[in-house]
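**Student:** I'll drop the sequence and a predicted model, then ask my questions.
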There are 4 protein chains.
Amino acid sequence: MVTKRRRLTPDARRVELLEAAIAVLRERGPADTRVEDITNAAGAAKGTFYLYFPSWDDLLVAVRAHILETYMSDTGRRFEAAAHTGWWDAFEYECVHFIDFILELGGLHEAVFHGPIADHLIDSTLSADALIVWILEEGIVLDACRPVDTAVAARLLFSVLHSTADGISQSGHRERALESMFDLLRRWLRMPDREEMQ
Amino acid sequence: MVTKRRRLTPDARRVELLEAAIAVLRERGPADTRVEDITNAAGAAKGTFYLYFPSWDDLLVAVRAHILETYMSDTGRRFEAAAHTGWWDAFEYECVHFIDFILELGGLHEAVFHGPIADHLIDSTLSADALIVWILEEGIVLDACRPVDTAVAARLLFSVLHSTADGISQSGHRERALESMFDLLRRWLRMPDREEMQ
Amino acid sequence: MVTKRRRLTPDARRVELLEAAIAVLRERGPADTRVEDITNAAGAAKGTFYLYFPSWDDLLVAVRAHILETYMSDTGRRFEAAAHTGWWDAFEYECVHFIDFILELGGLHEAVFHGPIADHLIDSTLSADALIVWILEEGIVLDACRPVDTAVAARLLFSVLHSTADGISQSGHRERALESMFDLLRRWLRMPDREEMQ
Amino acid sequence: MVTKRRRLTPDARRVELLEAAIAVLRERGPADTRVEDITNAAGAAKGTFYLYFPSWDDLLVAVRAHILETYMSDTGRRFEAAAHTGWWDAFEYECVHFIDFILELGGLHEAVFHGPIADHLIDSTLSADALIVWILEEGIVLDACRPVDTAVAARLLFSVLHSTADGISQSGHRERALESMFDLLRRWLRMPDREEMQ
DNA sequence: TATGAATGAGCCTTCATTCAT
DNA sequence: CATGAATGAAGGCTCATTCAT
């Protein structure tokens, strides 16, 4: 039943632990997850955890960084690739994509956006913000988005997407929630000229 | 060695504990608050806690109910009283009021909106929602608010106010945050006719 | 097998824990003693330990204080009572008594005089020193003891007694060790006049 | 990813580890020293430690042997060389020298004279004793030292020197401590005839 | 009802020692 | 011989909850 000692490169082991942590946290949430749950899921001994993460909080920080970096690098690439569809359509597409991302976070949401590390604002969180800001600025330059205070608007946008995701996961009425959200977004951010030109 | 037993009516004792809990949680947040901190603050013995709350989570639920009920009863009364100023102005006033309420929550925010009781959706939360829905419906009837799906919009509105409060508490730029928020709200919810009539 | 919950006054419980600690440490020494060993010996639950001692080191400090205070109060009383035998005889008697005390310390010696709390010099340790200093000063006033730098001499005396005890416990030659020790003490501290008068 | 394997002769590697251990223990004491601290200081891998020492305690034993052997071989040589100054002067000189040695031990003191290996009495400790015994016997033969039970006196002498060193390191009053110590030693061990002959 | 001493499951963290490479 | 990743048994400490008084 006990597998022999598996000797990996530090990088490989770290990734295994991180991915096990993400899987377990997504499934059960941080309140119901212990260090040992992670190491069990990763096929490692309990003590191995502390070779890679000085403490539980450090793991959460690493998890957040990993998730956001993964998501953002995808988003950035996708958004640039979709430029030909027109900024607004690409933007709406990303919004839906982001909501699906949130919905799939499960217990990771609480783990990563609340609790002990909620204030540790570091690189990856800042640049998630930076990505949204950049997208909005693109839209403004292209005259597809109303000129807004992008730094503040990014936060608002983030929370609108977030609460839409929450609403979907609680009510199950996906289309209805998306419709209301897009109503908001179009009124708020879409350049009115376009409507008049229709 | 004289034990001081303060006999109170059950209701009075319960309220003392509840208010002590609110004060302590606001100050230190749930992660740093113990049952004993509450009873100390309330001038009661540790065991007394469990005569009034079956468990820690039950306290949090009661705290949430107490806060929301208090806030809502004020809001409802105030909103009706302010009807003569016009719905939209009263609405904007309430938004600012709500943001200040959030800002004053301090550690209660985490205690009440996240953590173990985050999903226990019960009466008080629902009726908070109901209050917002009712306000929006008032506005729609009065032709001051665009006709929206009020149930969904209430959630969105809630999150917009929430994230504005968060933004203020993190950045400190109150006016800037409010400005962006009202830009959003006016575009989204205000009846466009009125602007054209100006 | 499990005894029911025993509710004691804090003082009584603290004494039980302290005495259990002394018994266990004497028997097995600090390196081989755990918090749980103490509580088991005291008939208490593990967590009870921490109601009375904030940490392991605090227990050791309390043990030291308890032992020294007990020993010293006995010594002071006995020494005054024995004044009629002449200071020097009373002094020699105390020396033997102290050696027996050390021999009976067993594992407490290491626990209390070495390891983590070795430098915490507090009341009880200081007054142990003060007691020896006082005894020597008595002897000097009575012209029974050579005038020496009592503060420094107390340390030396302490270590001479200590090493004699160690020697006895290792070699088993009690009389031989005592003889050599008294040879030293008499040469060093006894007023030479007396010998010449013989 | 090039692993640097420094191949040394076993003896050289062992000495490197031993000296690294001595340096680290002197600096930080045994309670704050880990196997890895030793190997880091020695530029070796953690596992290498166990190629040369079966366990941590074995290291401590080896450290003690190394220190005492080094000290004693110096002392023996020096003492013989200083014979022309007269035994008593050479003896006093050695006492001061020994005290300085103790003072320089730092954390090694606790590591080597207390804790887990305190009772492992082996060759090197015994022969340290033997050296002192030999020195005393020399003095007795030369009629410079009172005839005493050298085996027991050696222990007493050791502890007197030790406690003087402790006193100096705690109080800082070196001269005062040495004066009291020599007062003791001269009374105790010096041949009284000589004083009368002066 | 009220008290607060007592409980003990549970968790994080350390680190000597092992062993696959 | 050497390496350093991996192991897992310990053990200190916390604190929600219980219960004798």
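**Tutor:** Yes, it's here. These figures come from a predicted structure and were not determined experimentally.
**Student:** what ranges do the helices span in chain A?
**Tutor:** A:10-28, A:35-42, A:46-52, A:56-81, A:87-105, A:107-113, A:123-141, A:150-171, A:174-189, A:192-197 (DSSP state H).
**Student:** what's the closest of those helices to C:H84?
**Tutor:** For the helices of chain A, the distance to C:H84 is smallest for helix A:46-52, at 66.3 Å, taking C-beta to C-beta. To be clear about C-beta, it is placed using only N, CA and C from the backbone, and glycine gets the same treatment.
**Student:** flag the shaky bits of chain A, pLDDT-wise.
**Tutor:** Low-confidence segments of chain A (pLDDT under 70): A:1-3, A:124-126, A:193-198.
**Student:** switch the cut-off to 90
**Tutor:** Residues of chain A that meet the criterion pLDDT under 90 lie in A:1-4, A:69, A:71-85, A:113-131, A:170, A:192-198.
**Student:** could you report the neighbour count for A:A31?
**Tutor:** Neighbour count for A:A31, taken as other C-beta atoms under 10 Å in any protein chain shown: 13.
**Student:** got a list of what the closest residue to it other than its chain neighbours touches?
**Tutor:** Residue nearest to A:A31 in three dimensions, not counting chain neighbours: B:P116, with 6.1 Å by C-beta to C-beta, 6 or more residues apart in numbering or on different chains. Going by C-beta atoms under 8 Å, 6 or more residues apart in numbering or on different chains, B:P116 touches A:A31, B:D57, B:L60.
**Student:** of these, closest to D:S169?
**Tutor:** A:A31 (51.4 Å).
**Student:** residues of chain A that sit close to chain B?
**Tutor:** With C-beta under 8 Å from any C-beta of the partner chain as the criterion, chain A meets chain B at residues A:31, A:110, A:114-116, A:118, A:148-149, A:152-153, A:155-156, A:158-160, A:162-164, A:166-167, A:170, A:173, A:176-177, A:179-181, A:183-184, A:187-188.
**Student:** ChimeraX command to pick out the buried ones of those?
**Tutor:** A single ChimeraX command selects the buried members of the residues of chain A next to chain B (16 or more other C-beta atoms under 10 Å in any protein chain shown):
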select /A:110,114,115,148,149,152,153,155,156,158,159,160,162,163,164,166,167,177,180,181,183,184,187,188
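**Student:** how close does the residue nearest to A:A31 sit to B:D58?
**Tutor:** Distance of B:P116 to B:D58, given as C-beta to C-beta, to the nearest Å: 11 Å.
**Student:** with A:R155 instead?
**Tutor:** Separation of A:R155 from B:D58 (C-beta to C-beta): 34 Å.
**Student:** same question, A:A83
**Tutor:** For A:A83 relative to B:D58 (C-beta to C-beta), the value is 53 Å.
**Student:** of these two, who's got more company?
**Tutor:** With neighbours defined as other C-beta under 10 Å, A:A83 and B:D58 compare such that B:D58 has more, 14 against 11.
**Student:** count the residues that sit near the residue in chain A that DNA strand F sits nearest to.
**Tutor:** Closest residue of chain A to DNA strand F, C-beta to the nearest atom of the strand: A:G47 (1.6 Å). Other residues lying near A:G47 total 9 when counted by other C-beta under 10 Å.
**Student:** and the one 10 residues further on, by the same measure?
**Tutor:** Neighbour count of A:D57, defined by other C-beta under 10 Å: 13.
**Student:** do the same with A:D129
**Tutor:** A:D129, neighbours per other C-beta under 10 Å, totals 17.
**Student:** list the contacts for it?
**Tutor:** Counting by C-beta under 8 Å, 6+ apart, A:D129 touches A:A151, A:A154, A:R155, A:F158.
**Student:** against chain D, how distant is it?
**Tutor:** 36 Å (C-beta to the nearest C-beta, to the nearest Å).
**Student:** one more: A:H66?
**Tutor:** According to C-beta to the nearest C-beta, A:H66 stands 23 Å off from chain D.
**Student:** that residue - how many residues pack around it?
**Tutor:** Using other C-beta under 10 Å: A:H66 sits among 17 other residues.
**Student:** so it touches A:L18, yeah?
**Tutor:** Yes: with contact defined as C-beta atoms under 8 Å, A:H66 reaches A:L18; the gap is 5.6 Å.
**Student:** domains of chain A: list them as residue ranges, please.
**Tutor:** The domain map for chain A lists A:9-53, A:64-191, with the assignment taken from automatic domain parsing.
**Student:** C:T75: which of these is closest?
**Tutor:** Using C-beta to C-beta as the measure, domain A:9-53 is the one of those that comes nearest C:T75, at 49.7 Å.
**Student:** list the contacts for A:D37?
**Tutor:** Going by C-beta under 8 Å, 6+ apart, A:D37 touches A:V24, A:R28.
**Student:** isn't A:M72 right next to A:A128, touching?
**Tutor:** Yes: between A:M72 and A:A128 a contact is recorded at 5.8 Å, counting by C-beta under 8 Å.
**Student:** most centrally placed residue in chain A?
**Tutor:** A:L68 (5.1 Å; C-alpha atoms, centre = their mean).
**Student:** state the distance from that one to A:C95.
**Tutor:** Distance from A:L68 to A:C95, counting by C-beta to C-beta: 17 Å.
**Student:** same question, A:L8
**Tutor:** Taking C-beta to C-beta as the measure, A:L8 falls 39 Å from A:C95.
**Student:** neighbour count winner among those two?
**Tutor:** Comparing A:L8 with A:C95 by neighbour count (other C-beta under 10 Å), the higher total belongs to A:C95, at 18 against 12.
**Student:** I figured A:E179 hits B:D149, correct?
**Tutor:** Yes: counting by C-beta under 8 Å, B:D149 is a contact partner of A:E179 at 7.4 Å.
**Student:** residue contacts, A:I117?
**Tutor:** So A:I117 contacts A:D57, A:L60, A:V61, A:R64 (C-beta under 8 Å, 6+ apart).
**Student:** can you tell me the closest non-neighbouring residue to it?
**Tutor:** A:I117 sits nearest to A:L60 (C-beta to C-beta, 6+ apart), 4.8 Å away.
**Student:** what are the phi and psi values for the closest residue to chain D within chain A?
**Tutor:** Residue of chain A nearest chain D, by C-beta to the nearest C-beta: A:T9 (8.9 Å). The phi/psi pair for A:T9 (degrees, to the nearest 10) reads phi -70, psi 150.
**Student:** pull the number of nearby residues for A:I38.
**Tutor:** When neighbours are counted by other C-beta under 10 Å, A:I38 registers 25.
**Student:** residues touching it, list them.
**Tutor:** A:I38 sits next to A:L17, A:A20, A:A21, A:V24, A:F49, A:L59 when contact means C-beta under 8 Å, 6+ apart.
**Student:** type out the PyMOL command that picks the buried ones from those residues.
**Tutor:** Only the buried entries of those go into this PyMOL selection, using 16+ other C-beta under 10 Å:
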select buried, chain A and resi 17+20+21+24+49+59
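**Student:** which two of the contacts of A:I38 have the greatest separation?
**Tutor:** So, those by C-beta to C-beta: farthest apart are A:V24 and A:F49, at 12.1 Å.
**Student:** about what we covered before: out of the contacts of B:P116, flag the one nearest to D:E137.
**Tutor:** A:A31 (74.2 Å).
**Student:** against A:I22, how distant is that closest one?
**Tutor:** Distance from A:A31 to A:I22, by C-beta to C-beta: 16 Å.
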